[in-house]
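Engineer: sequence first, then the predicted structure:
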Amino acid sequence: MERPKEVENGEYDYKENQGITKPSYMMMFISSLLISIVGGSLLGWWLYKYHPTNRQLWMVPFGLILFLTPVIVWLSLIISDLCISTNKEEDVLRMNQRIHPLNDSLKR
């Protein structure tokens with residue numbers, strides 16, 4: 001993370017370098033979508049070819065992992081993004097507040 005630069009009047013300019021751009025988000029989304037499609041296709045293939053005889057059962061958990069993991073990852077990213085504060089002024093105030101001990105807290 002980049003350090004804040006001081007601008008006029010003693011205020012700070014917070015320009016964070018995210019490092020992740022929109023094209024990289026699209027590539028991650030497309031790759032996770034392809035992984036989910038492969039997992040769903042694997043489950044469909046098992047259902048079509050091997051389910052009547054209950055053979056090749058390793059395909060079921062492997063297909064479920066491939067199918068559900070990208071969905072869980074994207075949901076956790078979206079939920080965590082919603083929980084991040086976007087108000088920079090509140091963050092600066094929280095960072096710059098000094099902690100003062102209570103008068104009676106140091107007495108034994």
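Structural biologist: Right, received. Where do you want to start?
Engineer: helices of this protein, start to end?
Structural biologist: 22-49, 59-83, 88-96 (DSSP state H).
Engineer: may I see the buried residues of the second one?
Structural biologist: Buried residues in helix 59-83, counted by 16 or more other CB atoms under 10 Å: 59, 63, 66, 67, 70. Bear in mind the C-beta positions are built from the backbone N, C-alpha and C, glycine included.
Engineer: and it, average pLDDT?
Structural biologist: Regarding helix 59-83, the rounded mean pLDDT is 90.
Engineer: report the angle between it and helix 22-49.
Structural biologist: 150 degrees (axes from the mean of the first three to the mean of the last three CA atoms, to 10 degrees).
Engineer: so what's residue 69 up against?
Structural biologist: residue 35 (CB atoms under 8 Å, 6 or more residues apart in numbering).
Engineer: what's the separation between it and residue 54?
Structural biologist: Going from residue 69 to residue 54 by CB to CB, to the nearest Å gives 25 Å.
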